[in-house]
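**Student:** Pasted the sequence and its predicted model underneath.
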Amino acid sequence: MALSDYINFSSKKNTITLVVTALILIAISGMFFAFMYFMMDQVYIGLSASDCVIENNAFFGSCQDMWTMIVYPVLALKEAFIWISFVFIFILVIGMLMLGYKSGTNPAMLGLLVVVEGIITYGSLYVANIYRLLLDNSVIRSALIPFSVYNKIMINFPWFVFIVSLFSLALGIINWQKSPVNTSNDELNY
């Protein structure tokens, strides 16, 4: 059994829907992770600027002691959002490539994939322009600075979509034109 046999869709239209959804999630994911990163950073700054005295407590003498033990380790996990963003984009790209491979089982679906990916690539021009406009805002820009890979992808989003679509289409053509293997050789017996 091939890996693509495990990816079964009830409708051929689901393939196109999933490709579009994956590209939208790539565009939105970095903004979400950057927002979470920025908010955790602001909470850390806010908590470190304030202090109070806690009386009659065996564990903590001040709020800073309490936050150092309880809150700051959780806020230090903000660096994980950068790595989660990388992994999320990688998983979605692999999924899009597998969907392109799966769409090669039907020539009509492959033709539809070409048309839809052309439309998606054109739409990614607008997404990249919106992203550039968002970067003009100093708050959004400062929140997105740690996400260097996401920034590179979104600034060059039309090229990214074009390259992923091209590889997806190539995998679909390969799947469509592949020769059957491991079949019976009855036709060769004379």
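**Tutor:** Looks like it came in fine.
**Student:** In contact with the closest residue to residue 84 other than its chain neighbours, which residues are there?
**Tutor:** Nearest residue to residue 84, sequence neighbours excluded (Cβ to Cβ, 6 or more residues apart in numbering): residue 33, at 6.3 Å. For the C-beta atoms, the positions are set from N, CA and C on the backbone; glycine is no exception. Taking Cβ atoms under 8 Å, 6 or more residues apart in numbering, we find residue 33 in contact with 81-82, 84-85, 88, 147, 150.
**Student:** Of those residues, which is the nearest to residue 26?
**Tutor:** residue 88 (7.8 Å; Cβ to Cβ).
**Student:** ok, the closest one touching residue 28?
**Tutor:** No: using Cβ atoms under 8 Å as the test, residue 88 is too far from residue 28 to be in contact (10.4 Å).
**Student:** Going through the contacts of residue 33, which ones are buried?
**Tutor:** Among the contacts of residue 33, those classed as buried by 16 or more other Cβ atoms under 10 Å are 81-82, 85, 88, 147, 150.
**Student:** from those, which is closest to residue 121?
**Tutor:** Set against residue 121, the nearest of the buried ones among the contacts of residue 33 by Cβ to Cβ is residue 150 (19.0 Å).
**Student:** The spatially closest residue to the closest one that is not a sequence neighbour: how many residues sit nearby?
**Tutor:** Nearest non-adjacent residue to residue 150, counting by Cβ to Cβ, 6+ apart: residue 30, 3.5 Å away. Each residue near residue 30 was counted by other Cβ atoms under 10 Å, and the total is 23.
**Student:** for residue 118, same thing?
**Tutor:** 12.
**Student:** ok, now residue 153?
**Tutor:** Neighbours of residue 153 using other Cβ under 10 Å come to 21.
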